[in-house]
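Trainee: Quick one: sequence and predicted model below, then my questions.
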2 protein chains.
Amino acid sequence: MSKLVIVGTVAFDAIETPFGKTDKILGGAATYIGLSASQFDADGAIVSVVGGDFPQSDIDMLVSKGMNVEGLEIVKDGKTFFWSGKYHNDMNTRDTLATELNVLETFNPVVPESYKDAEVVMLGNLHPMVQMGVINQMKNPKMVVLDTMNFWMDIALDDLKKVIAKVDVITINDEEARQLSGEYSLVNASKKIMEMGPQYVVIKKGEHGALIFHKEEMFFAPALPLAEVFDPTGAGDTFAGGFTGYLAKTGDYSFENMKRAIIYGSCLASFCVEKFGTERMENLSKKEVEERLEKFQRLTQFELNT
Amino acid sequence: MSKLVIVGTVAFDAIETPFGKTDKILGGAATYIGLSASQFDADGAIVSVVGGDFPQSDIDMLVSKGMNVEGLEIVKDGKTFFWSGKYHNDMNTRDTLATELNVLETFNPVVPESYKDAEVVMLGNLHPMVQMGVINQMKNPKMVVLDTMNFWMDIALDDLKKVIAKVDVITINDEEARQLSGEYSLVNASKKIMEMGPQYVVIKKGEHGALIFHKEEMFFAPALPLAEVFDPTGAGDTFAGGFTGYLAKTGDYSFENMKRAIIYGSCLASFCVEKFGTERMENLSKKEVEERLEKFQRLTQFELNT
């Protein structure tokens, strides 16, 4: 069991999908990552910031899942980061209706002293310089995983490239991989991105699954085909939480174990989308996860008669 | 080893992709299906029609691959079906530049007497009533596989539904599955389509792989991520040829064997796109296929530490 540092937003979201809409509910990358990683009883610490308007009950919930919150700064007279979005009918695209940075504008992450020796670091989507600030506090991490998005490629590419050069794994979606590399083929895109620093490139394709590339190897984890996708919010972060949670639990950073880690990530993400917000992840049993893993096995495992 | 009847176009194609363009080259659904099935030394018969302009050398090539061509009608004073298309930069979409039905307009398929007892029938994309004409000539087929497309849903839906009610397997792409079923989720779409008749629904997602549904079960075969896709023409037919060729070779119609069959289909399709037209499929060794199957295994097979 290794320690896991999770950096990212802890936020309020207001979400509209074809199935309904929510008022302000709990959201944020670090929240989803933490909930997902907690399935492995990960010794995780959330490094983030919220305002005085953030309910103690949500903090208590994260603590009840085993998350250390020493690094969750509370700015009493500030407001929590707020994001609002509306999904299109295909659930693959969405419009952002509002982004209020609030306390995030001046966020200066502080990793708790007792987690500076963590082996696994999950850098959720944030400004690259904030992510770099966390890397610089770590003593000797074995596996630093970076999540980012096209927004930072558009406005802070130089900073982003500096962070990319420092990490072991990058997780981005297919369009972002193409934008970052200038290559359409994901095989070529991953090669170019590996040249920027990371030894491992994870490309998230949403409902089409995820690929992990490492040197000349690649592995694919499908997304579980679902009858209904209720709310895709947080699926990518849940994937990242499952991936890093499993790595931290096992302390095994071989490619074989990375394969299992993205299967776990994909498995957990398949739950996240079943209900609005964090609801499904807050109420998810290990038994349900094990049963769904069996579904993944039946979905992909075959034997050749040779 | 069971017999395999293959119905579909034998055609000329002129193709333009971002990598170049061709004059009239050999194409057609039955051609790709036959070439792919020939990898299993399938005892296959091609039922189709060409004009007097069709080169004997192409017929000889199909015969050299083990295809029976008694059912390949030659209309001496007619012209071979011609299709021309141009792919967009993403290779996932294309514009049809020309479609000249020619001899296909009056095509009346005749299954050779010695193949009327074939166990496996592959109905390549054609007018549903032509496909029905073939079904009606078969004595007691065990596995009738239907490929179709949105074009027939638009202009001949009633006829198409009659054929769908008669077949064991339907292969269509994701958008077509949605159109046919009125369901966005592929899980729900496949359920609706199974209610129309087929026990098995294969949904082709192009570069995102293929799903097979049967009762409550599903299985997923990824597409091999490739550095370059040179020409996607015929990939779906090559997939279908691998699927049915493998079923005919093994004579095993269990769901377990169907899984292997779509892996083989996906494997063969990954070769088809590497060169223009049929070139790669005409020059493909069993050794290359076996090596690529190993790549599919490395791409998808994992072991859980439980």
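Mentor: Yep, it's here.
Trainee: which residues of the stretch 151-300 of chain A fall in strands?
Mentor: A:169-173, A:200-204, A:210-214, A:217-221 (DSSP state E, counting those that start in this stretch).
Trainee: Return the list of strands paired to the second one, each annotated with direction.
Mentor: Based on DSSP bridges, the strands next to strand A:200-204 in the sheet, each with its direction, are strand A:169-173 (parallel), strand A:210-214 (antiparallel).
Trainee: Output the ones you listed as CSV; include the columns mean neighbour count and mean pLDDT.
Mentor: (C-beta placed from N, C-alpha, C; glycine too.) CSV is the format used below for those (neighbours: other C-beta atoms under 10 Å in any protein chain shown; pLDDT from 0 to 100):
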stretch, mean neighbour count, mean pLDDT
strand A:169-173, 26, 97
strand A:210-214, 23, 98
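Trainee: Can you check which of the ones you listed gets nearest to residue B:261?
Mentor: The closest of the strands paired with strand A:200-204 to residue B:261 is strand A:210-214. By C-beta to C-beta, the value is 23.8 Å.
Trainee: quick one: contacts of the closest one?
Mentor: A:186-187, A:190-191, A:194, A:199-205, A:218-221, A:223, A:239, A:255, A:258-259, A:262, A:265-266, B:225 (C-beta atoms under 8 Å, 6 or more residues apart in numbering or on different chains).
Trainee: Residue A:38 and chain B: what is the separation?
Mentor: 19 Å (C-beta to the nearest C-beta, to the nearest Å).
Trainee: Could I get the pLDDT score of that residue?
Mentor: Per-residue pLDDT puts residue A:38 at 97.
Trainee: From what I see, it and residue A:65 are in contact.
Mentor: Yes - in this structure residue A:38 lies within contact range of residue A:65 using C-beta atoms under 8 Å: 3.8 Å.
Trainee: one step back: out of the strands paired with strand A:200-204, nearest to residue A:117?
Mentor: Here strand A:169-173 is closest among those (C-beta to C-beta), at 19.3 Å.
Trainee: Run the chain-centre distance for the closest one.
Mentor: The chain centroid and the centroid of strand A:169-173 are separated by 9 Å under C-alpha atoms, centre = their mean, to the nearest Å.
Trainee: then that strand to PDB, C-alphas only?
Mentor: Written as PDB, here are the backbone C-alpha positions of strand A:169-173 (Å, rounded to 0.1, in the frame of the first residue of the first chain):
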ATOM      1  CA  VAL A 169       1.900   9.300 -17.100                       C
ATOM      2  CA  ILE A 170      -0.300  11.700 -19.000                       C
ATOM      3  CA  THR A 171      -4.000  11.100 -19.400                       C
ATOM      4  CA  ILE A 172      -5.800  13.100 -22.100                       C
ATOM      5  CA  ASN A 173      -8.700  12.500 -24.400                       C
END
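Trainee: Which residues does it contact?
Mentor: Residues contacting strand A:169-173 (C-beta under 8 Å, 6+ apart): A:143-149, A:164, A:180, A:193, A:198-206, A:236, A:239-240, A:243.
Trainee: Using neighbour counts, trim those to the buried set.
Mentor: A:143-149, A:164, A:180, A:193, A:198, A:200-206, A:236, A:239-240, A:243 (16 or more other C-beta atoms under 10 Å in any protein chain shown).
Trainee: Show me which residues of the longest helix seen in chain A are buried.
Mentor: When every helix of chain A is counted residue by residue (DSSP state H), the longest turns out to be helix A:255-272. Within helix A:255-272, the residues that count as buried by 16+ other C-beta under 10 Å are A:258-272.
Trainee: Could you list the residues of chain A in contact with chain B?
Mentor: A:89-90, A:184-188, A:205, A:208-209, A:211, A:217-220, A:222, A:225-229, A:250, A:256, A:259-260, A:263, A:290, A:293, A:297-306 (C-beta under 8 Å from any C-beta of the partner chain).
Trainee: middle-most residue in chain A, spatially?
Mentor: residue A:237 (2.6 Å; C-alpha atoms, centre = their mean).
Trainee: Confirm for me that it is in contact with residue A:7.
Mentor: No - Residue A:237 is beyond contact range of residue A:7, at 11.6 Å (criterion: C-beta under 8 Å).
Trainee: okay, and the common contacts of those two?
Mentor: In contact with both residue A:237 and residue A:7: A:30, A:124, using C-beta under 8 Å, 6+ apart.
Trainee: For chain A, which segments are assigned as helices?
Mentor: Using DSSP H, helices in chain A cover A:29-37, A:56-64, A:128-137, A:150-155, A:157-164, A:174-181, A:186-195, A:235-250, A:255-272, A:279-282, A:286-300.
Trainee: Out of the ones you listed, the one nearest residue A:74 is which?
Mentor: Using C-beta to C-beta, those put helix A:56-64 closest to residue A:74, at 8.3 Å.
Trainee: Quick one: list the elements packing against the closest one.
Mentor: Helix A:56-64 sits against helix A:29-37, with contacts defined as 3 or more C-beta pairs under 8 Å, 6 or more residues apart in numbering or on different chains; DSSP states H and E.
Trainee: Touching the helix it packs on from outside, list them.
Mentor: Contact with helix A:29-37 is made by A:4, A:6-11, A:44, A:46-48, A:62, A:65, A:67, A:122, A:124-126, A:147, A:234, A:237-242, A:244-245, A:248, A:265, A:268-269, A:272, A:278, A:281-282, as judged by C-beta under 8 Å, 6+ apart.
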